[in-house]
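> Got a sequence here, can you model it:
(chains A and B)
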Amino acid sequence: MLETSKNTNPDIAPIKNKKPNKGLLNFLNSKKVVPYIFVSPFILSFLVLSLYPSIQAIIMSFQRVLPGEITFIGLRNYERVFNPTFYKALSNTTIYVILTVVILVTIPIILAVLLDSKVVKFKTLFRTSLFLPALTSVIVAGMVFRLMFAETDTAVANQILNWVGLESVDWRYNAWSGMFLMVILASWRWMGVNILYFLAALQNVPNELYEAAEIDGANVLQKFFYVTLPFLKPVTIFVATISIIGGFRMFEESFVFWTAGSPGNIGLTIVGYLYQQGIQQNDMGFGAAIGVILMIIIFIITLIQLFVTGAFKRGDE
Amino acid sequence: MKGNTNKTLIWSLTFGFAVVAFIALFPLLNLILASFRPSTELMRNGISLVFDPSTITLDNFIYIFTEARSYWQWYGNSLIISAVIIVTSLFFSSMVGYALAVYEFKGRNVFFVLVLFILMVPFEILMLPLFQLMIDLQLINTYTAVVLPAVVAPIAVFFFRQYALGLPRELMDAARIDGSTEYGIFFKIMLPLMGPSLAAMAILQGLGSWNNFLWPLVVLRSNDMFTLPIGLATLLTPYGNNYDILLSGSVMTIVPIIILFIFFQRYFVAGLTLGGVKG
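Numbering: from 1, shown residues only, chains lettered A, B, ... in the order given. Here you go, the predicted model:
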């Protein structure tokens, strides 16, 4: 059947072209035109909703944008950006990124390896339970966390602290506990998804490798460090990269705990600062400059990722 | 003897996982329990581990079904916006991904590289110029403004392309012999074969728009246009006097998703693990 179809195919077009009144239809149906019609929504959306805003974002960062009055002001937005508030946002975001990456890489690896082994029962149930938080929105989850970590002695978190003999904490009013809230909210939501990435990768570890290691007398830990981990390296880099980029883009986890502003900016993030300046204060040029800096940070991370994964290496392996 | 130590190991690890799973479910359980408790008490005490069972009440749910008009307005807005985003983004993205996979044409690789490139540019950077664009087009505070940036989803294009690469091309040739147009081949033959990928993307796009926050927050201005997350966030005031709607309302934003999840678990997993790429 395959053969005949290939043979007859070239004859189709001439037959159709013999009907001149259907010229336009044939043109629209020709294999030269059809792909472009299919791709046209992308072209349109790319030009209007990606390319134009990208260029505009850079242009805007050199402007003072007021309604009906746009002035070119050179590098002045960038000179203003590097102020104590921005450094606070940058350091908050960086600490948040480091903490979430460490938590969201190491714990999922351990849990995934255990879930993949034969020594745990009810695996599906556990996997599903860990995945469920990913279905909630940050706003809903954050509201529950706010109530669990309320300032009163009667809220869950402080109750537990009091039971083990510690003082109650004003969770949303200290720098360290504010950071803790954001990190734990994000970790709670993403843990299950990251476990799935590692579980998928673990399916590809060839069993023979474990057997060979066993023959060589490797114990459980040695097998983990010398067989499993090297195999998980690509997926680990991937998970780390999306966590880093997701972390630098963080906004909602902070918004849900403090809405407009946190005491002493303990919850301010880069995107939070961008929103505050660009949208709330309507200083779009300044906001755009923050955006450009964010773009540079994310580009560097992506380049590092490509470099680490060997995308720039020649394929001489 | 070895069997015994193995059994101890199995059960202690299983117990350990039970604890981890309980911690993961704990906030959700708390949310559900709290939604059946008086909001005044939650405002005063937060969520407590121990409480008086006699205080359990349906008041929050009765209130939301009888009084909270704006909540249902937000619910409707979220439903409409999510539905439109699912339909348009699946329709357009599958077309694009399919064409990139099955046709040979000039510029194909360029388009594909552009798709990958947009995947890397975070939305937050485009946000201010897009906001300006929506102002210029007088689309602020409309559904259109919320939906527009999501109409062609690069992540979906990428996913559909990968999926369409595995489709049997012989079917296309056979259909051409039968006189089918290229569009007929796509809509009648190939698109139905892409079912599983459509389901995964429907869930990714649907959940994404149902929970989306930043962009709707930027372009929606009036209470009657808010989506659920934006509306609920406006209730998070320092005075904490809205917990009746917040709690029962939150439960009802999650319940439909959990029901869907029970039936379509496989597609949720496929969609969400891919969604990680988006951030």
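> what's A:L185 in contact with, if anything?
When contacts are counted by CB atoms under 8 Å, 6 or more residues apart in numbering or on different chains, A:L185 is found next to A:138, A:141-142, A:145, A:253, A:256. All C-beta atoms are positioned from the backbone trio N, CA, C, and that covers glycine.
> if you set the cut-off to 10 Å instead, what comes out?
A:100, A:133, A:138, A:141-142, A:144-146, A:149, A:252-254, A:256-257, B:27 (CB atoms under 10 Å, 6 or more residues apart in numbering or on different chains).
> closest to A:F82 among those?
Set against A:F82, the nearest of the contacts of A:L185 by CB to CB is A:S254 (21.1 Å).
> how close does the nearest residue to the closest one once chain neighbours are set aside sit to chain B?
Distances taken as CB to CB, 6 or more residues apart in numbering or on different chains place A:G267 nearest to A:S254, at 4.2 Å, with adjacent residues excluded. Applying CB to the nearest CB, to the nearest Å, the value for A:G267 to chain B is 14 Å.
> again, but for A:N219
A:N219 is 14 Å from chain B, by CB to the nearest CB.
> how close does that residue sit to B:V19?
26 Å (CB to CB, to the nearest Å).
> For the residue in the stretch 1-150 of chain A that chain B sits nearest to, which three-state class applies?
Residue of the stretch 1-150 of chain A nearest chain B, by CB to the nearest CB: A:A150 (2.8 Å). Three-state call for A:A150 (DSSP: H, G, I helix; E, B strand; the rest coil): coil.
> For it, grab the count of nearby residues.
A:A150: 25 surrounding residues under other CB atoms under 10 Å in any protein chain shown.
> Show the pLDDT at it.
At A:A150, the model reports a pLDDT of 85.
> mind listing what it touches?
Counting by CB under 10 Å, 6+ apart, A:A150 makes contact with A:156-158, A:168, A:170-172, B:42-48, B:240.
> Now intersect those residues with the helices, please.
A:156-158, B:42-45 (DSSP state H).
> Of those residues, which is the nearest to A:Y226?
A:A157 (40.1 Å).
> Tell me which residues touch A:L125, please.
B:17-18, B:21.
> Name the SS class of it, please.
Following three-state DSSP, the label given to A:L125 is helix.
> Burial check on the residue lying closest to A:G291 once chain neighbours are set aside, number of neighbours?
Leaving aside its sequence neighbours, A:G291 sits nearest to B:I125 (CB to CB, 6+ apart; 4.4 Å). Residues lying near B:I125 (other CB under 10 Å) number 25.
> Tell me which residues touch B:I125, please.
B:I125 neighbours (CB under 10 Å, 6+ apart): A:53-54, A:57-58, A:249, A:271, A:274, A:288, A:290-296, A:298.
> distance of it from A:N282?
18 Å.
> With A:I270 instead?
According to CB to CB, A:I270 and A:N282 sit 19 Å apart.
> neighbour-wise, which of the two wins?
Remark: of A:I270 and A:N282, A:I270 carries more neighbours, 23 against 12, as counted by other CB under 10 Å.
> before we move on, the earlier item: among the contacts of A:L125, name the buried ones.
B:17-18, B:21 (16 or more other CB atoms under 10 Å in any protein chain shown).
> Off-centre distance for the helix or strand that contains A:F257?
Using DSSP states H and E, A:F257 falls within helix A:252-258. The chain centroid and the centroid of helix A:252-258 are separated by 17 Å, computed with CA atoms, centre = their mean, to the nearest Å.
> Please state the mean pLDDT value computed over it.
90.
> which helices and strands does the next helix or strand after that helix pack with?
Counting by DSSP H and E, the next helix or strand C-terminal to helix A:252-258 is helix A:270-275. Packed against helix A:270-275, as judged by 3 or more CB pairs under 10 Å, 6 or more residues apart in numbering or on different chains; DSSP states H and E, are the following elements: helix A:84-116, helix A:252-258, helix A:284-308, helix B:123-136, helix B:214-219.
> redo that, cut-off 8 Å
Packed against helix A:270-275 by the contact rule (3 or more CB pairs under 8 Å, 6 or more residues apart in numbering or on different chains; DSSP states H and E) you find helix A:84-116, helix A:284-308, helix B:123-136, helix B:214-219.
> Is any residue of the longest one near chain B?
Yes - applying CB under 8 Å from any CB of the partner chain, one finds helix A:84-116 touching chain B at A:111, A:114-115.
> that older thread, which one of the buried ones among the contacts of A:L125 is nearest B:I64?
Nearest to B:I64 among the buried ones among the contacts of A:L125, counting by CB to CB, is B:A21 at 29.8 Å.
> Excluding chain neighbours, what is closest to that closest one?
The shortest distance from B:A21 to any non-neighbouring residue, by CB to CB, 6+ apart, is to A:S129 (3.8 Å).
> what angle separates whichever helix or strand the one you found is part of from helix A:84-116?
Taking DSSP H and E as the definition, A:S129 sits inside helix A:123-131. Angular relation of helix A:123-131 and helix A:84-116 on a 0 to 180 degree scale: 170 degrees, by axes from the mean of the first three to the mean of the last three CA atoms, to 10 degrees.
> Phi and psi next, for B:V121.
Here is the backbone geometry of B:V121 (degrees, to the nearest 10): phi -90, psi 120.
> Tell me who's in contact with it.
Residues in contact with B:V121, defined by CB under 8 Å, 6+ apart, are A:50, A:54, A:295.
> burial count for the residue in the stretch 151-300 of chain A positioned nearest to chain B?
For the stretch 151-300 of chain A and chain B, the shortest gap (CB to the nearest CB) falls at A:A155, measuring 3.0 Å. Other residues lying near A:A155 total 23 when counted by other CB under 10 Å.
> Which residue, other than its chain neighbours, is closest to it?
Closest residue to A:A155 apart from its sequence neighbours, by CB to CB, 6+ apart: B:G46 at 3.0 Å.
> Check what pLDDT the one you found gets.
In this model, B:G46 is scored at 77, pLDDT.
> The one 5 residues further on now?
According to the prediction, B:F51 has pLDDT 73.
> still on that earlier bit, which of the contacts of A:A150 are buried?
Buried by 16+ other CB under 10 Å: A:156-158, A:168, A:171-172, B:42-43, B:45-48, B:240, out of those.
> tell me the domain ranges of the chain?
Going with chain A. A:2-78, A:80-308 (automatic domain parsing).
> actually it's chain B I care about, not the one you picked
Listed by automatic domain parsing, the domain ranges of chain B are B:2-61, B:69-278.
> check contacts around the residue of chain B found nearest chain A.
Chain B approaches chain A most closely through B:G46 (2.8 Å), counting by CB to the nearest CB. By CB under 8 Å, 6+ apart, the residues touching B:G46 are A:147-152, A:154-156.
> and if we set it to 10 Å?
A:146-159, A:171, B:34, B:240 are the contacts of B:G46 under CB under 10 Å, 6+ apart.
> cool, and A:V227?
Contact analysis of A:V227 by CB under 10 Å, 6+ apart lists A:205-206, A:209-210, A:212-214, A:218.
> Closest one of those residues to B:M194?
When the contacts of A:V227 are ranked by distance to B:M194 (CB to CB), A:V205 comes first, at 30.6 Å.
> Which of the three states applies to A:T71?
With three-state DSSP as the basis, A:T71 sits in strand.
> and the helix or strand hosting B:G208, what other elements does it pack with?
Assigned by DSSP H and E, B:G208 falls within helix B:195-211. Helices and strands touching helix B:195-211, by 3+ CB pairs under 10 Å, 6+ apart, are helix A:138-148, helix B:69-102, helix B:154-165, helix B:228-234, helix B:243-263, helix B:265-275.
> ok so, going back, may I see the domains of chain B arranged in JSON lines, with distance to A:I242 as well?
Output for the domains of chain B, formatted as JSON lines (distance: least, CB to CB, whole Å):
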{"stretch": "domain B:2-61", "distance to A:I242": "20"}
{"stretch": "domain B:69-278", "distance to A:I242": "5"}
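> among the ones you listed, which gets the worst mean confidence?
domain B:2-61 (a mean of 82).
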